[in-house]
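Participant: Sequence and predicted structure, then a few things I'm wondering about:
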Amino acid sequence: MFDFEKLDVYQKAKAFYSKTKLFLKESKIDSISRDQLQRASFSIVLNIAEGTGRFTPADKSHFYVTARSSLFECIAALDTLHDENLIADQKFNEFYSDAEDLSKILFAMIKGLGRNPKSNY
């Protein structure tokens, strides 16, 4: 088992990605928005995994920041789709809640790397 597979944040990111893919499969969203949202949600998972493979805190932090930025991109896309009535309030609120949870965990990981150079997430 790889280190990243043991992380709660990785498991939550995978769940967010799966939920996003299912939503996209069931919705009637244009191909550009669909592609962008799928790529951004997958980027969260991949950057968490890649960050755990890095050795220096600064290098790890870079990938966790990128994962968090991709999460923000997802919320911006979902918010826009919500404004266009392409995602129901309840579904949007579920995504938003999941994203807040992921964002807080990633923020703590990033902040922890800045304080403790020997930290190994």
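Facilitator: Cool, got the structure.
Participant: Would you mind pulling up the elements that the host helix or strand of residue 11 packs against?
Facilitator: Taking DSSP states H and E as the criterion, residue 11 maps to helix 8-26. Packing partners of helix 8-26 (3 or more C-beta pairs under 8 Å, 6 or more residues apart in numbering; DSSP states H and E): helix 31-52, helix 57-83, helix 89-115. Yep, even glycine has a C-beta here, placed from its N, CA and C like the rest.
Participant: buried sites along it?
Facilitator: Buried residues in helix 8-26, counting neighbours by 16 or more other C-beta atoms under 10 Å, are found at 9-10, 12-14, 16-17, 20, 23.
Participant: Repeat that for stretch 50-69.
Facilitator: Applying 16+ other C-beta under 10 Å to stretch 50-69 flags 50-52, 57, 60-68 as buried.
Participant: Give me the contact list for that stretch.
Facilitator: Stretch 50-69 has contacts (C-beta atoms under 8 Å, 6 or more residues apart in numbering) with 2-4, 7, 10, 13, 43-45, 47-48, 102-103, 106-107, 109-110, 113-114, 116-117, 119, 121.
Participant: Give me the residues contacting stretch 96-113.
Facilitator: 8-9, 12-13, 15-16, 19, 44, 48, 57-58, 60-61, 64-65, 67-68, 71-72, 74-75, 78, 119, 121.
Participant: One more pass at 10 Å, please.
Facilitator: Residues from elsewhere that reach stretch 96-113, judged by C-beta atoms under 10 Å, 6 or more residues apart in numbering: 7-10, 12-13, 15-16, 19-20, 41, 44, 47-48, 51-52, 56-69, 71-72, 74-75, 78-79, 82, 119-121.
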